[in-house]
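# got a sequence here, can you build the structure:
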Amino acid sequence: MDTTTTTSPGLLAGKVALVTGAGRGIGAAAARLFAREGARVLLAARTEDQLKTVTEDITAAGGTAAYTVCDLADADSVRAAVQHAVDRYGRLDVAFNNGATGQPPGPLDRMPEADFDRLYAVNLKGQWLAMAAEVAAIRATAGSGAIVNNSSVGSHGANPELPVYGAMKRALNSLTESAAVTYGPEGIRVNAIAPGGTLTEMIRAWEAESPGLLERLAQGTALGRAAAPEEIAEAAAWLLSDRASYVNGTILRVDGGAKL
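So this is what the prediction gives:
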């Protein structure tokens, strides 16, 4: 009997991956996972000490990673982060646009205009800037690849507690779908994931403002619990991988069966 065992290559073996918002939460989980799955990873976020910690964790575990400080509200910073990946690793194959900022929960008429502008700058314009730069980098280096944007289950319907956050994520869904049909013919797939309640710093801050939130979210989910960041990262990794080669323009709900 042949007892030879074979080890399958990782989902992202041989690829160069950019992850925004990689200092914590879903982004940090994704950076670690992508490295375990064989990618060389460039982490980008605003907070350098968080980026340094995650990068050191990855390299200590045998992965390949580097980081660059990036503010999604700054166009030059976004473009520089994408270029940093190319300069560091010679190419860009895949990107996970995870970075975002939150809003204090409450009705839309109570949101200060400056907060609205900040959400627009980071959660929509920043994603647009990133996608445009990533498409150009993939086209110029790898030739083909994939992009995944991090949306939200809150983008799919009324969102009275986070109305502007939800609106920006719904607009991101539209950008994703448009990019998919625009760049698909070139071999650049663009998809999004729409996570449900996930145990990140952002949702814990929301819980502090709205006590009982996590329990309410759990009750509204078929699986009866929130997600771990690693579970959301798994969906992003699959969509970026060649195993999702015929998936393009989808907004994949990763919400445990949210009862919307």
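# what about S155, how many residues close to it?
21 (other C-beta atoms under 10 Å). In this view, the C-beta of every residue, glycine as well, is placed from N, C-alpha and C.
# same check, this time on A100
With other C-beta under 10 Å as criterion, A100 counts 26.
# can you check A44 too?
By other C-beta under 10 Å, the residues close to A44 number 31.
# any idea how far the nearest residue to it once chain neighbours are set aside is from E215?
Leaving aside its sequence neighbours, A44 sits nearest to C70 (C-beta to C-beta, 6 or more residues apart in numbering; 3.9 Å). Distance of C70 to E215, computed by C-beta to C-beta, to the nearest Å: 35 Å.
# who has more neighbours out of those two?
C70 (27 against 11).
# the more buried one touches A45, doesn't it?
Yes: C70 is in contact with A45 according to C-beta atoms under 8 Å; the separation is 6.4 Å.
# shared neighbours of these two, anything?
Between them, C70 and A45 share these contacting residues under C-beta atoms under 8 Å, 6 or more residues apart in numbering: 20, 99.
# what segments of the stretch 151-260 of the chain are helices?
163-183, 201-209, 213-219, 229-240 (DSSP state H, counting those that start in this stretch).
# can you give me the distance of the residue most central in space within the chain to A60?
Nearest residue to the geometric centre of the chain (C-alpha atoms, centre = their mean): N98, 2.5 Å. Applying C-beta to C-beta, the value for N98 to A60 is 22 Å.
# related to what we said a few turns ago, for the residue nearest to A44, what are its contacts?
Neighbour list for C70: 20, 44-46, 77-78, 80-81, 99 [criterion: C-beta under 8 Å, 6+ apart].
# now the helix or strand bottoming out on mean pLDDT in the chain, how far from the centre of its chain.
The helix or strand of the chain with the poorest confidence is helix 201-209; it has a mean of 76 (mean pLDDT, DSSP states H and E). Relative to its chain's centre, helix 201-209 lies at 19 Å (C-alpha atoms, centre = their mean, to the nearest Å).
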